[in-house]
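**Q** Structure for the following, please:
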Amino acid sequence: MEGRKHIRFAVQLPVSFTGDQLSGGGTILNLSAEGCAITSDTVAGALVYLQLAMQLREREEPVQVDLAAVRWASATRFGVEFIKIHPAEGERLKKFVKALESTI
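**A** Residues are numbered from 1 along each chain as shown. Just a heads-up that it's a prediction; the model follows:
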């Protein structure tokens, strides 16, 4: 298995996603600045592209990922790589991940 470029942090955060063929919601199980793993009743297959709305903090607007590629999928989980994210949204995500780093 190939090593990860970024540390993933275990979390349990709500997420909603939409794509050409599906939409749904789930829970982010782990998160980095570059991607995440999601568990959901609606599982996207590998090589599918999605938009994500990740609820990182209560009482804040969700962080929007404009384009995420599904890199792997199993029966109830899938992993995505963030491909395109607006710079302001990317900064919010990086600040959140940096806060997670400070807890380890």
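**Q** I'd assumed Glu89 was in a helix, is it?
**A** Yes. Glu89 sits within a helix when classified using DSSP: H, G, I helix; E, B strand; the rest coil.
**Q** show me the contacts for it.
**A** Going by Cβ atoms under 8 Å, 6 or more residues apart in numbering, Glu89 touches Val63, Gln64, Val65. All C-beta spots, glycine's among them, are computed from the backbone N, C-alpha and C.
**Q** How many neighbouring residues does the last one have?
**A** Using other Cβ atoms under 10 Å, Val65 has 25 neighbouring residues.
**Q** State whether it and Glu81 are indeed in contact, as I suppose.
**A** No. Counting by Cβ atoms under 8 Å, Val65 stays clear of Glu81, with 10.0 Å between them.
**Q** where does Glu58 land in three-state SS?
**A** Secondary structure state of Glu58, per three-state DSSP, is coil.
**Q** Show me the helices in the protein, by range?
**A** Using DSSP state H, the helices found in the chain span residues 87-101.
**Q** Quick one: residues in contact with stretch 6-22.
**A** With Cβ under 8 Å, 6+ apart as the test, stretch 6-22 has contacts from 23-38, 40, 42, 44, 48-56, 62, 68, 97, 100-101, 104.
**Q** Perfect, that will be all.
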